[in-house]
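>>> just coords:
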C-alpha cells in the first residue's frame, strides 16, 4: 500500500481566512491608533510650550526679566529678553496641535512676564492644545508655575 504524498504549503482558503481576520483587526484598531496619535500630538505641543516657559524663567534669572508671548491665531509662542529681542526662534505649535486657545482671551496675544527672581507677574492662564478630539492643557499660575494636565 502506498502512502499519499502531502505537499507542504498553505492552501488558498487558509490565506483568505487569515487575511480576512487581519482586515477585521485593522478596522477595529485604526480609530484607537488615530486617537492615540492625536493625544500624543496634543501632549507634545503642551510639553514644548512648558519647556519654553521654563526657558523664559531661566532667562529672567540671568538677565533680569523675560516675557513669553502666546499668539493663538498663528499658533506661535515666543520668548523675548528685556529689550524685546527674541531669545530663541518662535515655537510653532501648529506643527503639533491644530488649535491653540488661551482661556480668558477674546482675541490678540497673551503674555506672561517673569521678574528677576523668576516669578511670573501676570494673571493666571490656561492654554489648551487641541488635535482632533484630543485636548491637553497647560496652566500658568500667577507666580509663573507651570502645571500640565
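Looks like it arrived, so ask away. Given the structure is predicted, the values throughout are model-derived calculations rather than measurements.
>>> any idea whether residue 58 is helix, strand or coil?
Applying DSSP: H, G, I helix; E, B strand; the rest coil to residue 58 yields a three-state assignment of helix.
>>> residues making contact with stretch 83-92?
If you take CB atoms under 8 Å, 6 or more residues apart in numbering as the criterion, stretch 83-92 is touched by 48-49, 52, 55-56, 59, 66-67, 75-81. In this view, the C-beta of every residue, glycine as well, is placed from N, C-alpha and C.
>>> Could you list the low-pLDDT ranges of the chain?
By pLDDT under 70, the low-scoring segments of the chain are 1, 6, 106, 123.
>>> show me where it has strands.
With strands called from DSSP state E, the chain shows them at 66-71, 76-80, 91-92, 99-102, 110-114, 125-131, 134-140, 146-148.
>>> tell me which residues of the last one are tucked away?
Of the residues in strand 146-148, those buried under the neighbour-count criterion (16 or more other CB atoms under 10 Å) are residue 146.
>>> helices or strands next to it in the packing?
Packing partners of strand 146-148 (3 or more CB pairs under 8 Å, 6 or more residues apart in numbering; DSSP states H and E): helix 12-63, strand 134-140.
>>> Also the first one?
Applying 3+ CB pairs under 8 Å, 6+ apart, one finds that strand 66-71 contacts helix 12-63, strand 76-80, strand 110-114.
>>> tilt between that strand and strand 125-131?
The directions of strand 66-71 and strand 125-131 differ by 50 degrees, with axes from the mean of the first three to the mean of the last three CA atoms, to 10 degrees as the criterion.
>>> And the second one, by the same measure?
Here strand 76-80 runs at an angle of 140 degrees relative to strand 125-131 (the same axes, to 10 degrees).
>>> ok, and the most crowded of the contacts of stretch 83-92?
When neighbours are counted by other CB atoms under 10 Å, residue 56 leads the contacts of stretch 83-92 with 28 neighbours.
>>> picking that back up, would CSV of the helices and strands packed on strand 146-148 with distance to residue 128 be doable?
Converted to CSV, the helices and strands packed on strand 146-148 look like this (distance: least, CB to CB, whole Å):
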stretch, distance to residue 128
helix 12-63, 9
strand 134-140, 5
